[in-house]
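**Q** After the sequence you'll find the predicted model.
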Amino acid sequence: MVDSDSDDELEQLQYKVIILGDGAVGKTSIVNRFTENNFQTSYKQTVGVDFFIKRIQLPGNIQVALQLWDIGGQQLGAPMLKKYIYGSHAVLLAYDITNYSSFKNLDQWYHFVREVFKSKIPFIGVIANKNDLNHLRNVKPDTHDNFCVMNDMQSFQMSAKTGDSVNTTFKRLAAELSGVTLSKKDIDMEAKVLSAPIVDHPRTDAQNEKEKEEASNKKGKCVIQ
């Protein structure tokens with residue numbers, strides 16, 4: 001919807017975005033990272049639905065307000081779920097890359113969305129979350145890509161914990177819904193620069209004593225030629 005009264009004013013658009021998926025895949029963490037730049041280490045299950053809003057500035061003097069609906073993962077098949085997602089402009093299906101069943105269940109979530117919207121399907125994207133745990137990955141990138149291609153869905157990879165690609169994902173989504181083409185520079189500006197902390201593990205007294213003893217033994221040895 002366009003709220004601008006003049007072509008010279010900022011064009012303002014608003015879209016309803018639903019985030020679906022199993023519980024504990026990080027839906028709330030994704031939304032909190034995007035809207036508040038915050039991440040909670042403790043898990044609290046979403047009961048019902050939480051509502052958030054965030055504005056994004058796009059090229060061409062266009063401002064987009066994304067209404068984000070975070071729906072509890074336990075709500076699949078619940079009577080109110082259809083009412084929650086009805087009228088949405090975009091649906092994001094989220095899963096945890098370390099939990100294969102959460103990826104497998106995307107079929108059920110997608111089937112449900114199709115039942116609600118019938119032939120008028122909204123924008124649908126797939127979010128692979130928890131990329132910071134890539135060493136524990138149980139869903140191969142090729143498996144993710146094939147699912148997106150087969151179902152004509154947009155693919156997104158991110159980590160709500162580190163913030164990697166979170167802002168980029170939602171800016172791409174806002175641009176897609178608004179019909180705006182983003183340049184590589186526009187996308188790179190949203191990319192979060194990650195720094196790897198240097199961990200200095202504490203050395204135990206036993207380790208220090210062992211090294212001192214080895215060094216002392218080396219000094220005391222005589223080499224006969």
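**A** Looks like it arrived, so ask away. Numbering: from 1, shown residues only.

**Q** Now do the strands in the protein.
**A** 11-20, 49-58, 62-71, 90-96, 123-129, 154-157 (DSSP state E).

**Q** what separates the residue lying closest to residue 133 once chain neighbours are set aside from residue 14, distance-wise?
**A** In space, and not counting its chain neighbours, residue 133 is closest to residue 98: 5.2 Å by CB to CB, 6 or more residues apart in numbering. Backbone N, C-alpha and C define where each C-beta goes, glycine included. Using CB to CB, to the nearest Å, residue 98 is found at 35 Å from residue 14.

**Q** what number of residues lie near residue 66?
**A** When counting by other CB atoms under 10 Å, one arrives at 24 neighbours for residue 66.

**Q** Show the pLDDT at it.
**A** Confidence at residue 66, expressed as pLDDT, is 97.

**Q** any idea how far residue 89 is from it?
**A** 9 Å.

**Q** Find residues that contact each of the two.
**A** Common contacts of residue 66 and residue 89, defined by CB atoms under 8 Å, 6 or more residues apart in numbering, comprise 15, 17.

**Q** Pick out the residue nearest the middle of this structure.
**A** residue 158 (4.2 Å; CA atoms, centre = their mean).

**Q** could you list every residue that touches it?
**A** Contacts for residue 158 were tallied using CB under 8 Å, 6+ apart; they are 30, 127, 128, 129, 131, 164, 165, 166, 168, 169.

**Q** ok, it to residue 133 distance?
**A** 12 Å.

**Q** go on, residue 12?
**A** Residue 12 sits 38 Å away from residue 133 when distances are taken as CB to CB.

**Q** which ones are touching residue 29?
**A** Counting by CB under 8 Å, 6+ apart, residue 29 makes contact with 39, 40, 129, 160, 161.

**Q** want to try JSON lines for the contacts of residue 158, with distance to residue 188 and pLDDT as columns?
**A** Output for the contacts of residue 158, formatted as JSON lines (distance: CB to CB, whole Å; pLDDT from 0 to 100):
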{"residue": "30", "distance to residue 188": "21", "pLDDT": "96"}
{"residue": "127", "distance to residue 188": "20", "pLDDT": "98"}
{"residue": "128", "distance to residue 188": "20", "pLDDT": "98"}
{"residue": "129", "distance to residue 188": "21", "pLDDT": "98"}
{"residue": "131", "distance to residue 188": "18", "pLDDT": "97"}
{"residue": "164", "distance to residue 188": "13", "pLDDT": "96"}
{"residue": "165", "distance to residue 188": "11", "pLDDT": "96"}
{"residue": "166", "distance to residue 188": "15", "pLDDT": "97"}
{"residue": "168", "distance to residue 188": "9", "pLDDT": "96"}
{"residue": "169", "distance to residue 188": "14", "pLDDT": "97"}
